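Asks: What shape does this take:
(chains A and B)
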Amino acid sequence: MNTSTTVLPGQPAAIAPDVHWVGALDPDLRQFDIILRTANGTSYNAYAVRGRDGVAVIDTVKAEFADDFFARLWACCKPAEIRAIVLNHLEPDHTGALPALLAAAPDARVYLSSAALRMLKGIVKDGIDESRLTVVDADTRVDLGGRTLRFLHTPYLHWPDTQCTWVEEDGLLFSGDVFGCHFCDERLFNDRVGDFRFSFDYYYQHIMRPFREHVLEALALIEALPIRLIAPAHGPVLRDAPRNYVQRYRQLASPLLTFEAGEHEKTLLVFYISAYGNTERMARAVRDGAEGVEGVRVSLYDLAGGDPAPFVDLIEEADGLMFGSPTINGDAVKPVWDLLSSLTLVKVKGKFGAAFGSFGWSGEAVRLIEDRLRGLKLRVPRTGVRVKLIPTDEELAECRALGRELAEHLVGRAQPLHIDFSAPGALTT
Amino acid sequence: MPKAQVTFEDIGVTVTVPAGTRLIEVSEKVGAGITYGCREGECGTCMMKIVSGGEHLASPSVLEDQVLKDNYAGAANRLGCQAQVLGGHIVVRPG
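Replies: Now for the predicted structure:
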């Protein structure tokens, strides 16, 4: 049995008395899930927790690393000893060895969240005996004999199914992807591995940030625990000052920018880009209209002069977003799409949005932007303004009305509207 | 044809629709803040609050009931993709 603090091939690594890391190292990985890069590979962390009456296995590994996982697992327990298989998260990098584990330990019960239950059929395609499954909640206890597993309902970190497992006697938190990072180092523990702070933050920014409100809900549960060690599903095991990482999540989940608007003010950001100044004139009219609404702070940005990243930070905190783009070759222009495609990093659901723009002959940009805003789950209550080439005074007045009406929505003063869709076919046109 | 009225409180829009319409068919059309994920009653993304008139909605299915429970829904919560209006006047808002 490996009792050193370096992971050895085929050997489990003790992280606490009778608790072992039985995961796998993937040092050569450079891109994860398409969206993440990693300079240090990653690890797929799985754990075996032994009690007097049996063993619980917490998560598994990516399918191609199943041999590593089983070599380590069978070095610290026999298949018949496994009483519990805990699934903190069903993403394939944690469930790749699950079908084989279910077959190897047929008497083990599976503990998972109710959202995971609905996903499990997509993971174990050849069927699973449903009598083996236990959907857990905050009251569920799994007594291993001297060690008790409890479960924290922490959904959307970063899938609907995610949960954490807590061993109350030892203060061990098996946190799933929370507090994880893509950083592979055979020295395993946070006080031994290389400096992984950037990987920890990068992982948060790309995986957890879109679910900030759920992070805050989870932190409310986690911060109350007397944690002695955090065992995440990727990256170093956090045994030295684990609460520092909880605190870091609290910092990362707090607004990045100091809020300069008044406490009761709403913020509206107007982004535009303009080839001949026409869309810019519309943007200024939109801003003028919005500024007439008390309680709304309006800001205007020319996308020709900015990178998406700082705008994304602004957008995360804003209440309303408007985008102005000319139409070139039947589309909105690239800087607009660059920004709109960056918004999956933050939560924009529920914000108010609108679009406007000048065009030469076809004018698709405004509708395409509106569709994207709806796709991002913004509210788009007002049809955008499209102007052929140079805006007239009347068309600029329309732009001012667009800005004013969206601003009125932000402060809850929009004029009530009644639409009749009761005629046959009205809903489908 | 029997009709129903639905008010989307967050944007101040009231629509008149044929009875039997599901809220998903109309809420996006008017830009209301109810947002959708799977659109099949599984993910819970479109959970919304019935402010009034809940009795004018068809009863939730077993699946909808389970998804609402999973998401710690209150008694006034329904899924926008599943809720079907039967008549009367219903007031809803996101959340």
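Asks: Look at A:A56 and tell me its secondary structure.
Replies: The assignment at A:A56 comes out as strand when based on DSSP: H, G, I helix; E, B strand; the rest coil.
Asks: nearest residue to it other than its sequence neighbours?
Replies: A:A84 (3.9 Å; CB to CB, 6 or more residues apart in numbering or on different chains). Every C-beta, even on glycine, is put in place using the N, C-alpha and C of the backbone.
Asks: so how far is chain B from that neighbour?
Replies: Distance of A:A84 to chain B, computed by CB to the nearest CB, to the nearest Å: 22 Å.
Asks: what number of residues lie near residue 83?
Replies: Using chain A here. Applying other CB atoms under 10 Å in any protein chain shown, we find 19 residues neighbouring A:R83.
Asks: wait, I meant chain B there
Replies: For B:A83, the count of nearby residues is 27 (other CB under 10 Å).
Asks: now A:G122
Replies: 9.
Asks: In this structure A:G41 contacts A:D26, no?
Replies: Yes. Under the criterion of CB atoms under 8 Å, A:G41 lies in contact with A:D26, with a separation of 5.1 Å.
Asks: These two: which is more packed in?
Replies: Looking at A:G41 and A:D26 with other CB under 10 Å, you find the greater number of neighbours at A:D26, namely 21 against 16.
Asks: what about stretch B:28-36, near chain A?
Replies: Yes. Under the criterion of CB under 8 Å from any CB of the partner chain, chain A is reached by stretch B:28-36 at B:E28, B:K29, B:V30, B:G31, B:A32, B:G33, B:T35, B:Y36.
Asks: per-residue confidence for the first one?
Replies: Same thing as B:E28. B:E28 carries a pLDDT score of 83 in this model.
Asks: OK, contacts around it?
Replies: A:R374, B:I34, B:Y36 (CB atoms under 8 Å, 6 or more residues apart in numbering or on different chains).
Asks: Let me see the contact set for A:Q163.
Replies: Listed by CB under 8 Å, 6+ apart, the contact partners of A:Q163 are A:N88, A:H89, A:L112, A:S113, A:A116, A:V136, A:F151, A:L152, A:H153, A:T154, A:P155, A:G176.
Asks: which regions of chain B lie under the pLDDT threshold?
Replies: Judged by pLDDT under 70, chain B has no weakly predicted residues.
Asks: what helix or strand is A:K377 on?
Replies: With secondary structure defined by DSSP states H and E, A:K377 is part of neither a helix nor a strand.
Asks: Likewise for A:R372?
Replies: Counting by DSSP H and E, the element that carries A:R372 is helix A:365-375.
Asks: Among the contacts of A:Q163, which are located in strands?
Replies: A:L112, A:F151, A:L152, A:H153, A:G176 (DSSP state E).
Asks: Relative to A:K125, how far out is the last one?
Replies: Which is A:G176. Using CB to CB, to the nearest Å, we find A:G176 at a distance of 23 Å from A:K125.
Asks: How about the first one?
Replies: Here the distance between A:L112 and A:K125 works out to 17 Å (CB to CB).
Asks: The two: who's more crowded?
Replies: Comparing A:L112 with A:K125 by neighbour count (other CB under 10 Å), the higher total belongs to A:L112, at 22 against 8.
Asks: I'd assumed A:V135 was in contact with the more buried one.
Replies: Yes. A:L112 is within contact range of A:V135, at 6.6 Å (criterion: CB under 8 Å).
Asks: Is it possible to mark the buried ones in the contacts of B:E28?
Replies: When neighbours are counted using 16 or more other CB atoms under 10 Å in any protein chain shown, those contain these buried positions: A:R374, B:I34, B:Y36.
Asks: a strand runs through the last one, doesn't it?
Replies: Read it as B:Y36. No. B:Y36 sits outside any strand when classified using three-state DSSP, being coil.
Asks: my guess is it meets B:L79, correct?
Replies: No. Under the criterion of CB under 8 Å, B:Y36 lies out of contact with B:L79, with a separation of 9.4 Å.
Asks: shared neighbours of the two, which are they?
Replies: Residues within reach of B:Y36 and of B:L79 at once, by CB under 8 Å, 6+ apart, are B:C46.
Asks: Residue 12: what's it in contact with?
Replies: You didn't pick a chain, so chain A it is. A:M1, A:N2, A:H20, A:W21, A:V22, A:A48, A:R72, A:L73, A:A75, A:C76.
Asks: oops, I was thinking of chain B
Replies: Residues in contact with B:G12, defined by CB under 8 Å, 6+ apart, are A:H409, A:A414, A:Q415, A:P416, A:L417.
Asks: Out of these, who's the most crowded?
Replies: Each of the contacts of B:G12 was scored for neighbours by other CB under 10 Å, and A:H409 scores highest at 27 neighbours.
Asks: Tell me the helices and strands packed up against the helix or strand where A:E408 lies.
Replies: Take DSSP H and E as the rule and A:E408 turns out to sit in helix A:393-410. When contacts are defined as 3 or more CB pairs under 8 Å, 6 or more residues apart in numbering or on different chains; DSSP states H and E, helix A:393-410 sits against strand A:266-272, helix A:278-291, strand A:296-302, strand A:320-324, strand A:352-359, strand A:385-388.
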